[in-house]
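# I need the structure of the sequence given here:
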Amino acid sequence: MSWFRFGFGKKDGKSDGKPKDGAVPDAAHERAPGAGTHEAPALPEQPPAEAVPPEPGSAPTPPPVSSTDAGAVPLLSGAPPPHASASEAHEPAPPDRPDIRAQPPAPESRGLFARLASGLKKSSSRLTDAFTTVFAKRRLDGAALEELEELLISADLGAAAAARVTARLARDKFDAEVTGADIRAALAAVVAETLQPCEQALDMSGPGPRVVLFVGVNGSGKTTTLGKIAVKMAREGASVITVAGDTFRAAAVEQLDVWSQRAGARFMSRPIGSDAAGLAYDAVATARRDGAHAVLIDTAGRLQNKTELMDELRKIVRVIRKMDETAPHHVLLVLDGTVGSNALSQAEAFIEAGGVTGLIMTKLDGTAKGGALVQVAERYRLPIHFIGVGEGEADLQAFSARAFARALSGLAE
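Model (predicted):
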């Protein structure tokens, strides 16, 4: 399963590598790849060209970011921005982007399926142990099917998928003896069929920079996931800028800086409490100027302040679109697998606002509720790009429906 779809194209003739609306008013803290430590000094301010127009209703001071004009505007909605004026100072166009698909990732010491099976051990053991206990030398009658359906629902698989598993068994094995292996095979088949339409590599092809927004509640593993993806992209030859857009949590800024150093990525941040939208604008402008392939933007996840949070995300999108009306090219929702069915409520807040383009589920190694991914897929029908089954970079895996289904069911590869 591929991590990404790459193949960056040249910029079109209208793009000369400079931002359409000038520089960002506030200078960002920036650390170039390999620039050393974590407490890197800020670069000198560049003289502003044409300031970003203020957002209607936005506060005059940086924290907190709130835009009262957002209202019910979906996260990725809004009118196209005006084009750059001819009076803007010319900057040289970035170099052509290489096709980085030919550069394979570094070999890993353990196979991907072995990592996946190990990460999903809690979830698979919970199911397979129950199958063995309940259905040892038992004929599959109505009572047994009902008991199996309840067992699958309690494992956070969801009522719809549980009903399909029991229907498959009833069709093939009714009034016959069933074994744990029979049930595991039926479960794997249903889970794979359900998740297969959602299996999709992260498409990073097209004119750069490709802008990716990471959203999700605090504690979901959003920042760590962004860092791991930066490492994987850099390993495949991409030049990456990481952006500490969660400007309310110093720990998130520091954590992303560490991951950026591992990736050799350029890292950009601002002081705690600063305007996240301004930082995002500055990062995209820098990527356009320097010819970076990708801009990966972390965001806040204070779901207890839902209205302010969604307003902030909408503002980030509007400001980015002043330079590239097609951005962000992906809005990735990172979900915490340890919360089981509650992942549905995590997802709802962000998906209702609109604009989420794909899913990543993390922390599946720390839970017996891995079946919740099936529920999320059935309800929202969004692409699933990655799953996390451990703390290491190699434990963030490109999503494979078949491999996930077999590992969850306790079957060999």
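
# hey, let's count contacts and neighbours off CA atoms from now on
Will do.

# for the residue in the chain sticking out farthest from the centre, which non-adjacent residue is closest in space?
Distance from the centre of the chain peaks at Asp175, with 45.0 Å (C-alpha atoms, centre = their mean). Spatially, and ignoring its direct neighbours in sequence, Asp175 is nearest to Leu140 (4.9 Å; C-alpha to C-alpha, 6 or more residues apart in numbering).

# I'd say the one you found and Glu177 touch.
Yes - at 6.1 Å, Leu140 counts as touching Glu177 under the criterion of C-alpha atoms under 8 Å.

# these two - which one has more neighbours?
Ranked by neighbour count (other C-alpha atoms under 10 Å), Leu140 and Glu177 place Leu140 first, with 21 against 14.

# ok, Arg235 - how many residues close by?
17.

# ok, back up a step: could you list every residue that touches the residue nearest to Asp175?
Neighbouring residues of Leu140 by C-alpha atoms under 8 Å, 6 or more residues apart in numbering: 170, 173-178.

# what's the pLDDT at it?
Note on Leu140: pLDDT of 84.

# how close does it get to Val134?
Distance of Leu140 to Val134, computed by C-alpha to C-alpha, to the nearest Å: 11 Å.

# next one: Ala176
Counting by C-alpha to C-alpha - Ala176 and Val134 are separated by 15 Å.

# and these two? Which one has more around it.
A count of neighbours by other C-alpha under 10 Å puts Val134 above the other of Ala176 and Val134, at 16 against 13.

# the more buried one in helix, strand or coil?
helix (DSSP: H, G, I helix; E, B strand; the rest coil).

# what pLDDT is listed against it?
Predicted confidence (pLDDT) for Val134: 71.

# from Lys228, how far out is it?
41 Å.

# next one: Ala234
10 Å.

# and Gln196, by the same measure?
For Gln196, the distance to Lys228 - C-alpha to C-alpha - is 24 Å.

# who's more crowded, these two?
Neighbour count, other C-alpha under 10 Å: between Gln196 and Lys228, Lys228 has more, with 23 against 17.

# so the more buried one sits in a helix?
Yes - the assignment for Lys228 is a helix, going by three-state DSSP.

# is it true that it touches Gln261?
No - Lys228 lies out of contact with Gln261 (C-alpha under 8 Å); the separation is 11.3 Å.

# if the residue nearest to the spatial centre of the chain is in a bridge, with which residues?
Of all residues in the chain, the one closest to the mean position by C-alpha atoms, centre = their mean is Leu332, 3.6 Å from it. Judged by DSSP bridges, the bridge partners of Leu332 are Phe214, Gly358.

# wait, what's in contact with it?
212-215, 356-360.

# Phe248 versus the nearest residue to Glu199 once chain neighbours are set aside, what's the distance?
In space, and not counting its chain neighbours, Glu199 is closest to Ile384: 5.5 Å by C-alpha to C-alpha, 6+ apart. Ile384 sits 28 Å away from Phe248, going by C-alpha to C-alpha.

# so these two - more neighbours on which side?
When Ile384 and Phe248 are compared for neighbours, Ile384 comes out ahead with 28 against 21, by other C-alpha under 10 Å.

# so what's that one up against?
Counted by C-alpha under 8 Å, 6+ apart, Ile384 has contacts 198-200, 358-360, 377, 399.

# which of these sits closest to Gly111?
Nearest to Gly111 among the contacts of Ile384: Phe399, at 14.3 Å, using C-alpha to C-alpha.

# dump the residue contacts of that closest one.
1, 199-201, 384-387.

# ok, now with 10 Å
For Phe399, the contact set (C-alpha atoms under 10 Å, 6 or more residues apart in numbering) comprises 1-3, 195-196, 198-201, 360-361, 383-388.

# neighbours around the residue nearest to it when sequence neighbours are not counted, how many?
Distances taken as C-alpha to C-alpha, 6+ apart place Phe386 nearest to Phe399, at 4.7 Å, with adjacent residues excluded. Neighbourhood size, Phe386 [other C-alpha under 10 Å]: 25.

# ditto for Ala250
Neighbour tally, Ala250, other C-alpha under 10 Å: 13.

# where in the stretch 1-150 of the chain is pLDDT low?
Across the stretch 1-150 of the chain, the ranges flagged by pLDDT under 70 are 1-110, 112, 136-137.

# work out for me the element Met361 sits within.
strand 358-362 (DSSP states H and E).

# swap in His385?
strand 384-388.

# one more: Ala130?
helix 121-135.

# any idea how far whatever helix or strand comes next after that helix is from the chain center?
With elements assigned by DSSP H and E, the helix or strand that comes after helix 121-135 is strand 138-139. Distance, stretch centre to chain centre, for strand 138-139: 44 Å (C-alpha atoms, centre = their mean, to the nearest Å).

# returning to that earlier point: need the contacts of Leu140 in TSV (columns: secondary structure and pLDDT).
TSV is the format used below for these (DSSP: H, G, I helix; E, B strand; the rest coil; pLDDT from 0 to 100):
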residue	secondary structure	pLDDT
Ala170	helix	90
Lys173	helix	85
Phe174	coil	83
Asp175	coil	81
Ala176	coil	83
Glu177	strand	83
Val178	strand	82
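
# farthest pair within the residues you listed?
Ala170 and Glu177 (11.4 Å).

# what do those two both touch?
Among the neighbours of Ala170, those also in contact with Glu177 (C-alpha under 10 Å, 6+ apart) are 140-141.

# so what does whatever helix or strand Leu116 lives in touch, helix or strand wise?
Leu116 is part of helix 112-119, with elements assigned from DSSP H and E. Packed against helix 112-119 by the contact rule (3 or more C-alpha pairs under 10 Å, 6 or more residues apart in numbering; DSSP states H and E) you find helix 121-135, strand 384-388, strand 396-398, helix 401-408.

# returning to that earlier point: from Ala343, how far out is the residue nearest to Asp175?
33 Å.

# same thing with Asp290?
38 Å.

# same deal with Val389?
According to C-alpha to C-alpha, Val389 stands 16 Å off from Ala343.

# out of those two, which sits in the busier spot?
Val389 (26 against 20).

# isn't that one right up against Asp395?
Yes - look at Val389 against Asp395 with C-alpha atoms under 10 Å: they come within range, at 5.2 Å.

# overlap in contacts, these two.
Here Val389 and Asp395 have 115-116, 119, 362-363, 365 as joint contacts, going by C-alpha under 10 Å, 6+ apart.
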